[in-house]
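In: whatever this is, show me its structure:
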Amino acid sequence: MQMHSLKNIKLKRTLQLFITSIILLLPSLHFAQAPTLATAASFVLFTSNGAVSNMGITRLTGNVGTNSGSSTAFGNIDGVIHDGDGTSAATSANLLVAYNQLNAAIPTIFPAPLLGNGQTLTAGVHSISGNATLDNTLTLNAQGNENAVFIIQIQGAFSTTAASKVVLTNGALACNVYWKIEGLVSLATNSTIRGTIVANNSAIIMGSGVTIEGRALSTNGAITVNGLSANTPIGCGSPVLTGPAGADLKTAACYTLFSGSGPVTNTGVTYVIGDVGTNSGLTTGFDPSTVTGTIHPIPDASTAAAAADLSDAYTYLSTLTHDIELLYPAQFGNSLVLTPHTYLLDGATTFTDTLFLNAQGNPDAVFVIKINGALITSTYATVVLRNGAQSKNVYWMVEGAVNINGYSRFAGTIVCNNGAITGINPGSILDGRALTTTGALNTSAIATTLSFDCATVGINDNQIVTENVASIYPNPWTASFMIDVSDPVYINNSDLQIYNITGTLVYATKITKSSTLIEPVLSAGMYVYRIISNNKTVQSGKLVSQ
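Out: Here you go, the predicted structure:
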C-alpha cells in the first residue's frame, strides 16, 4: 500500500510539473489571427475616402486607389489604379471587415508607447492605449513559426523617427504583421515598416525614402507619399506569380543577333555567344574569333527557318493580353520594379536609368513587355534581374525601332517588328537576343551572350566548344572567383583569358590545378572569358565583376 501511495504521489508531482510548464509557456504562444483582406490584399495603397497623392519617384508593386477621390502623380507602377470603380467599392467594404476583425482581437501583451530602441516583440495581439512612436529598431520574432501573426493595436496616432525600422526574424513574415491605428499615421524620412497598416478615420503621411513591405490602407483619410518604395507582401497564401507562357522561338532561339529581312552589321570588337545572321541581306563586320556560334554571312536554310519561327513568335507575343498597363512610356525605368506579368506601354518608350525585374523567388516566371512604338534607352540604362529572374524568361516586343545607347546592360529577348535595331552601341551588354522581323540590325563594340541552352548552336571551324570543361563561381563576383576543372586533360594544358568589352586582354593565367582561386583586379563591369587549350577555345562565356 505504501509503495502504491508513493507511486501516486510521484504521478501527481509529474502531472503538476507538466501543467506548470504548459502555463509558463502560455505567454509565448500566439493566439493572434490574421484578418480577411479579400480584394484589399492586392492594394499597396488604398483609402475608402480621400485623395492618394505622390511626390518624387515612387516604386510600387500592388494596386493603388481610392473609392472617393483620385490617385495622382504616381507615374508608372507595378499595379492598376482603381479610383471610384467596382474594385474600389468592393475593397472599401472588405477593408472595413478587416478593420473590425483587427479591432476585435483581444490583446494579451501591452508594450510601452515608445516602440523600438532594440526592443523585440513576439507574436500575439499587442495593445497600446494611446499614441505610439517607433524609434530606432523594433524586432518582430516569430520564434521559428512562419505562421506566427503579429497584431499591434494603437489607440491613437502612430509616428516614426527618421531611419527607424522594423526587422523580422526567425521566420516572421510581413504578410503576418498588422498595425491597427486609431489616428494619424506619420512615417518619417527613410523609415522602414513591415506589415499592413490599417488606419481608421485618419490620414497616412509618408516622408521621403520610406520603405514598406506590406500595405498602407485607410478606412477614411488621405494618403500622401514622397518617393515611397512599397510592395505588397508575398506569402501567407498570396498568389505565386508566373507570368504568361514564354514565346516559343524554335530555330530562332539559337540566334543572338538576327533580322528576318535586312542587313546585320557590326563595327569594332564585338563578342557574341550564339548565332548571327539575316534571311535577306548580308551579315558583315563580325570576327569569327569573337563569335562563339555560327555566322551566316548570306541567307541559307537556317536563316529561312529562323525568319519563319520569329514571325510566329512575334504573332504570339502580339496577341497576349496585358494585365498591367504602364501609363507613362516616356518615364520608363527610373528604378521601376516589375513582377511576372504581361505589360503594355502604349507609345514610344524611353528607358532611363534602371529597371528591376523581380521574379519573387520563381525562376520559371516570365516577363513580357509590349511596347507600341519605338524603344530608346539612355546611356548606362540597366536591367537588373532579382530573386530568380532569368534573362531567358524576359521578352520585349517592340513595334518600332530600337536603340540601346552606350554602356547599357540589357537582359531578355528583343523581338522587334518591322523596325530597325538602329544601334546596340559601344560598351553595351546584351544578356539575351536582339531579333527583328524586318529591319537592319547594327552593333558596335558590344558584348552579347545567349546565356541559356541551345542545342543547335553551330561551331566555327577554328573553334571547339566543349560543355562542362570548367565551372566558374560565383558569377557575378566581387574580389575573387573559383574555377573548377572537371576534365583533368585540361590541367597544365590550358589558359584562362579575360577580355573587357572592347576586346582588350586584361587578365590571363595558366590552369594548373583542378580548383583555383582567381583574384583579378578589375573594375566593375562585364567581361568575356575564354579557356584556351591547344590554341583552340574550349569554353567561353561572360563574367560580371561587381
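
In: secondary structure element for G432?
Out: Taking DSSP states H and E as the definition, G432 sits inside strand 429-436.

In: helices or strands next to that strand in the packing?
Out: Judged by 3 or more Cβ pairs under 8 Å, 6 or more residues apart in numbering; DSSP states H and E, strand 429-436 is in contact with strand 255-259, strand 402-404, strand 409-416, strand 421-424, strand 447-449. Bear in mind the C-beta positions are built from the backbone N, C-alpha and C, glycine included.

In: name the residues that touch the fourth one?
Out: It stands for strand 421-424. Applying Cβ atoms under 8 Å, 6 or more residues apart in numbering, the external contacts of strand 421-424 come out as 259, 401-405, 410, 414, 430, 434, 436, 439-444, 446, 448.

In: quick one on the thing from earlier: in TSV, list the helices and strands packed on strand 429-436 along with mean pLDDT and distance to T265.
Out: Below are the helices and strands packed on strand 429-436 laid out as TSV (pLDDT from 0 to 100; distance: least, Cβ to Cβ, whole Å):
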stretch	mean pLDDT	distance to T265
strand 255-259	97	10
strand 402-404	98	15
strand 409-416	96	16
strand 421-424	96	10
strand 447-449	85	14
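
In: can you tell me which of these is packed in deepest?
Out: Mean neighbour count, computed with mean count of other Cβ atoms under 10 Å, is highest for strand 255-259 among the helices and strands packed on strand 429-436, reaching a mean of 30.

In: packing partners of that one?
Out: Contact here means 3+ Cβ pairs under 8 Å, 6+ apart; on that basis strand 255-259 packs against strand 271-273, strand 275-278, helix 301-319, strand 429-436, strand 441-444, strand 447-449.

In: and it, which strands flank it?
Out: Using DSSP bridges, strand 255-259 pairs in its sheet with strand 275-278 (parallel), strand 429-436 (parallel).

In: nearest the geometric middle of the protein, what residue?
Out: Of all residues in the chain, the one closest to the mean position by Cα atoms, centre = their mean is N358, 1.4 Å from it.

In: which ones are touching it?
Out: Shown in contact with N358 (Cβ under 8 Å, 6+ apart): T61, V337, L338, T339, R386, N387, A389.

In: and for N372?
Out: Applying Cβ under 8 Å, 6+ apart, we find N372 in contact with L344, L345, D346, G347, E399.

In: and I154, which of the strands paired with strand 255-259 is closest to it?
Out: Closest of the strands paired with strand 255-259 to I154 is strand 429-436, at 46.8 Å (criterion: Cβ to Cβ).

In: got the CA positions of that closest one in CSV?
Out: Extracted as CSV, the C-alpha positions of strand 429-436 are listed here (Å, rounded to 0.1, in the frame of the first residue of the first chain):
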residue,chain,number,x,y,z
ILE,A,429,26.0,44.3,-72.7
LEU,A,430,23.1,42.3,-74.0
ASP,A,431,22.2,39.2,-72.0
GLY,A,432,19.8,37.6,-74.4
ARG,A,433,18.9,38.3,-78.0
ALA,A,434,18.2,41.1,-80.5
LEU,A,435,15.8,39.9,-83.2
THR,A,436,13.8,41.9,-85.8
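
In: buried ones in that strand?
Out: Buried positions in strand 429-436, judged by neighbour count with 16 or more other Cβ atoms under 10 Å: I429, L430, D431, G432, R433, A434, L435, T436.

In: okay, and the residue nearest to N500 when sequence neighbours are not counted sits in which element?
Out: Leaving aside its sequence neighbours, N500 sits nearest to V506 (Cβ to Cβ, 6 or more residues apart in numbering; 5.2 Å). V506 belongs to strand 505-511 when assigned by DSSP H and E.

In: give the pairing partners of that strand; include direction for each.
Out: Applying DSSP bridges, strand 505-511 is found paired with strand 494-499 (antiparallel).

In: quick one: mean pLDDT over the strand it pairs with.
Out: What strand 494-499 shows for mean pLDDT is 89.

In: buried ones in it?
Out: By 16+ other Cβ under 10 Å, the buried positions in strand 494-499 come out as S494, L496, Q497, I498, Y499.

In: nearest to N201, out of the residues you listed: which one, please.
Out: Nearest member of those to N201, counting by Cβ to Cβ, is I498, at 62.2 Å.

In: still on that earlier bit, could you export the buried residues of strand 429-436 as TSV, including pLDDT and distance to Q331?
Out: Formatted as TSV, the buried residues of strand 429-436 follow (pLDDT from 0 to 100; distance: Cβ to Cβ, whole Å):
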residue	pLDDT	distance to Q331
I429	90	24
L430	93	23
D431	90	24
G432	94	24
R433	96	26
A434	98	24
L435	98	26
T436	98	25
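
In: can I see the domain layout of the protein?
Out: The record's domain parsing of the chain by automatic domain parsing lists 38-231, 250-449, 470-545.

In: before we move on, the earlier item: A188: which of the helices and strands packed on strand 429-436 is closest?
Out: strand 409-416 (34.4 Å).

In: what's that closest one packed up against?
Out: Secondary-structure packing of strand 409-416 (3+ Cβ pairs under 8 Å, 6+ apart): helix 301-319, strand 382-386, strand 394-398, strand 402-404, strand 429-436.

In: not counting its own residues, what contacts the fourth one?
Out: Yep, that's strand 402-404 we're talking about. In contact with strand 402-404 (Cβ under 8 Å, 6+ apart) are residues 374-377, 381, 410, 414, 416, 419-425, 428, 430, 434, 436.
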